[in-house]
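> predicted structure and sequence below. I'll ask about it afterward.
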Amino acid sequence: MEGKTVLVTGANSGIGRATAAAIAKLRGRVILACRDRSRAEEAAREIRQEAGPDALLRVRQLDLASLSSIHTFCQDIIKEEPRLDVLINNAGVYQCPYTKTEDGFEMQFGVNHLGHFLLTHLLLELLKRSAPSRIVVVSSRLYKHGHINFEDLDSEQSYDKAFAYSRSKLANLLFTCELGRRLQGSGVTVNALTPGIVRTNLGRHVQVPLLARPLFNLLSWGLFKSPEEGAQTSVYLACSPQVDGVQGKCFAGCQPQNLLDKATDQDTARKLWDISEVKVGITT
């Protein structure tokens, strides 16, 4: 990855941090795009200790729950970065209590889908100028439990935190499907992945009874993947020559996967795309 610039959202912890560290070890230049700048700076220091003092890391503040933050971030990136070889849409919110972003979107749909939708749109010309380049979208197998209800995308009629997360991850896959179709022949590829169950702080909103926590923690260490294991497919899709030219697919364990029809339905993907453009204020 020497000479290549990779942008990772949510790179201060979990899969994102492990992805950033792995790419730094491959001598890629990594932009850590994180909501909490101080935590990102701490992660960058730790990655330098792992990857060596010559690791090329840059920390940038990005709040995916704020459209204005995304615009400011992208303006700065376009102004300061001559190229962007890989964009990894990794950051996520998991099963949080019902809250809205500053622009009025349900938090999980707003951050996991709409925030990354706008981010990708604003950085697309830079990615095209840097072609061949790649976009990597981190989804989840929990997409299987999701459903796109176009009448209530912001969960104002009813809210179930697990369903809302699954819907946002289904939206990631539909976004990958439609973006892949639009990027044909551009020199930019987009692929998604499902990392499996990983020990990260993503589950901080999951309530485990006090008496059950020791058992839960023990089981998580025995059964869940480490962040490094969870990051393997992200790193593979960012770096491997084996996926050169592969477009609009979903991977798990570095292998292509067959998705449920609802994740690849072109009519749903197009409709979601059009509504997402309106929501984030893109005029085309």
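All right, it came through fine.
> pLDDT at Ser226, what is it?
You'll see Ser226 listed with a pLDDT of 87.
> equivalent analysis for His205, please.
The predicted local distance difference test score for His205 is 45.
> for the stretch 51-200 of the chain, what spans make up the helices?
Ranges of helices within the stretch 51-200 of the chain are 67-80, 107-109, 116-129, 161-182, based on DSSP state H, counting those that start in this stretch.
> so what does the longest one touch, helix or strand wise?
Under the contact definition 3 or more Cβ pairs under 8 Å, 6 or more residues apart in numbering; DSSP states H and E, helix 161-182 sits against helix 107-109, helix 116-129, strand 133-138, strand 188-193, helix 266-280. For glycine as for every other residue, the C-beta is placed from the backbone atoms N, C-alpha and C.
> one more time with 7 Å, if that's ok
The contact analysis (3 or more Cβ pairs under 7 Å, 6 or more residues apart in numbering; DSSP states H and E) places helix 161-182 against helix 107-109, strand 133-138, strand 188-193, helix 266-280.
> make TSV out of the ones you listed and add distance to Glu42 and mean pLDDT.
Written out in TSV, the entries for the helices and strands packed on helix 161-182 read as follows (distance: least, Cβ to Cβ, whole Å; pLDDT from 0 to 100):
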stretch	distance to Glu42	mean pLDDT
helix 107-109	24	98
strand 133-138	22	98
strand 188-193	26	98
helix 266-280	31	98
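> for Asp36, find the nearest of the ones you listed.
Of all the helices and strands packed on helix 161-182, helix 107-109 sits nearest to Asp36, with 16.0 Å by Cβ to Cβ.
> what sits up against the closest one?
If you take Cβ atoms under 7 Å, 6 or more residues apart in numbering as the criterion, helix 107-109 is touched by 65, 93, 96, 99-101, 153-154, 164-165, 167-168, 171.
> repeat that for stretch 136-151.
Looking at stretch 136-151 with Cβ under 7 Å, 6+ apart, the contacting residues turn out to be 15, 86, 88-90, 92, 163, 165-167, 169-173, 175-176, 190-195, 234, 237-238, 250, 260, 263, 268, 271-272, 275.
> and Asp85, what's its pLDDT?
At Asp85, the predicted lDDT confidence score is 98.
> now render the helices and strands packed on helix 161-182 as CSV, adding mean neighbour count and distance to Leu119.
Output for these, formatted as CSV (neighbours: other Cβ atoms under 10 Å; distance: least, Cβ to Cβ, whole Å):
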stretch, mean neighbour count, distance to Leu119
helix 107-109, 24, 15
strand 133-138, 26, 10
strand 188-193, 26, 13
helix 266-280, 16, 10
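> okay, those in JSON lines with distance to Leu57 next?
Output for the helices and strands packed on helix 161-182, formatted as JSON lines (distance: least, Cβ to Cβ, whole Å):
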{"stretch": "helix 107-109", "distance to Leu57": "28"}
{"stretch": "strand 133-138", "distance to Leu57": "18"}
{"stretch": "strand 188-193", "distance to Leu57": "23"}
{"stretch": "helix 266-280", "distance to Leu57": "29"}
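> Glu80: which of those is closest?
If you check each of the helices and strands packed on helix 161-182 against Glu80 by Cβ to Cβ, strand 133-138 wins as the nearest, at 17.2 Å.
> what about that closest one, distance to the chain center?
Between the centre of strand 133-138 and the centre of its chain there are 8 Å (Cα atoms, centre = their mean, to the nearest Å).
> and the angle for that strand with strand 188-193?
Counting by axes from the mean of the first three to the mean of the last three Cα atoms, to 10 degrees, strand 133-138 lies at 20 degrees to strand 188-193.
> listing partners with orientation, what would you give for strand 133-138?
With DSSP bridges as the criterion, the sheet partners recorded for strand 133-138 are strand 86-89 (parallel), strand 188-193 (parallel).
> Throw the ones you listed into JSON lines and include distance to Ala33, thanks.
Putting those into JSON lines (distance: least, Cβ to Cβ, whole Å) gives the following:
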{"stretch": "strand 86-89", "distance to Ala33": "9"}
{"stretch": "strand 188-193", "distance to Ala33": "17"}
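> quick one: which of those is nearest Arg181?
Between Arg181 and those, the shortest gap by Cβ to Cβ is with strand 188-193, which sits at 9.7 Å.
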